[in-house]
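S.K.: Show me the folded form of this:
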Amino acid sequence: MHGDRFEGWPAVDYDAALHLLDRQIVDVDGRLAGKVDDVELTEEGDLLVPTGLLVGPPAVLPRFGRRLGPWLAERYAQVSIAHAARRRPAVIDLTLVERVDSAVHLSAPREGLLRPREEPGVSPTRRRLAHLLGMRVSGGPRRAGVLDVRLSAEAHGSGHHAMDALIVGRGRPGVLLGYDRQQVDRPWLLNALISRLHADSRVVGRHDVEIDWERRHVRIAPGAAVRRLSDQAAG
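M.R.: Reported below is the predicted structural model:
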């Protein structure tokens, strides 16, 4: 993976927030089909697997902070009462993603593409990337939170992606900007600044973390193999 270009999608490893969130979605005919407002994560046993791109106000509004986000989402639901699925975002199956560069390119046309997921009968537990980002972290750097989620095909073992690690550190999700994870030439001053800003950022393997979704808390196990982010490049 070099810059914004993915080589070998979908087999390539990637960081969910950095490489998917807020990118334009382009259909097979080159027409815009929306924007990636969130990513659907589905629990499969002890794995957390990305299964869809979430689109629309019900997906993006909750990202506006723990208090403001839910308030905005509720106001939208009340104003848009004519929409039967106003509380559920549209979902695009991740299997339709053909490649990713500065945009997310699909293998299907956009007609009829954006619709809420139907869940007949007993459905798997589905989470949202935005709910995981920003969770407070204990057992790692002081005042740390979840900055990103690293996904790998090897973690799943069947050609599909699954969470392989969490990237944790200080600040809010998005502060990393990807400079720390891309092998590109930069002026020495920028390199020094990035190293200083993200000196406490770490990569923690999925087997070494416990996620409490209700309390919005991630606990790193004692003795976990915590690696410096600056020593780890995605791709």
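
S.K.: and the longest helix seen in the chain, which residues are buried?
M.R.: Assignment by DSSP state H gives helix 68-79 as the longest helix of the chain. For helix 68-79, burial by neighbour count (16 or more other Cβ atoms under 10 Å) applies to 72-73, 76-77. The way it works is simple: take the backbone N, C-alpha and C, and place the C-beta from them, glycine included.

S.K.: Pull up the pairing partners for the helix or strand just after that helix, direction included.
M.R.: Downstream of helix 68-79, the first helix or strand assigned by DSSP states H and E is strand 90-93. Sheet partners assigned to strand 90-93 using DSSP bridges are listed as strand 47-55 (antiparallel).

S.K.: So which residues lie in contact with the partner strand, not counting its own?
M.R.: Strand 47-55 is contacted from outside by 16, 20, 25, 33-43, 89-94, 97, 104, 114, 117, 126-129, 149, 151, 155-156, 160-163, 206, 211, using Cβ atoms under 8 Å, 6 or more residues apart in numbering.

S.K.: Packing partners of the longest helix of the chain?
M.R.: Applying 3 or more Cβ pairs under 8 Å, 6 or more residues apart in numbering; DSSP states H and E, one finds that helix 68-79 contacts helix 57-60.

S.K.: what are the C-alpha coordinates of the helix it packs on, in PDB please?
M.R.: Extracted in PDB, the C-alpha atoms of helix 57-60 (Å, rounded to 0.1, in the frame of the first residue of the first chain):
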ATOM      1  CA  PRO A  57     -27.500  11.000   8.500                       C
ATOM      2  CA  PRO A  58     -28.200   8.100  10.900                       C
ATOM      3  CA  ALA A  59     -24.600   7.000  10.300                       C
ATOM      4  CA  VAL A  60     -22.800  10.300  10.400                       C
END
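
S.K.: how far does that helix sit from the chain's center?
M.R.: 14 Å (Cα atoms, centre = their mean, to the nearest Å).

S.K.: And it, what's buried?
M.R.: 57-60.

S.K.: Which element is encountered next along the chain beyond the worst-scoring helix or strand of the chain on mean pLDDT?
M.R.: The helix or strand of the chain with the lowest confidence, counting by mean pLDDT, DSSP states H and E, is helix 188-197 at a mean of 56. Helices and strands here follow DSSP H and E; after helix 188-197, the next one along the chain is strand 202-205.

S.K.: No more questions from me, cheers.
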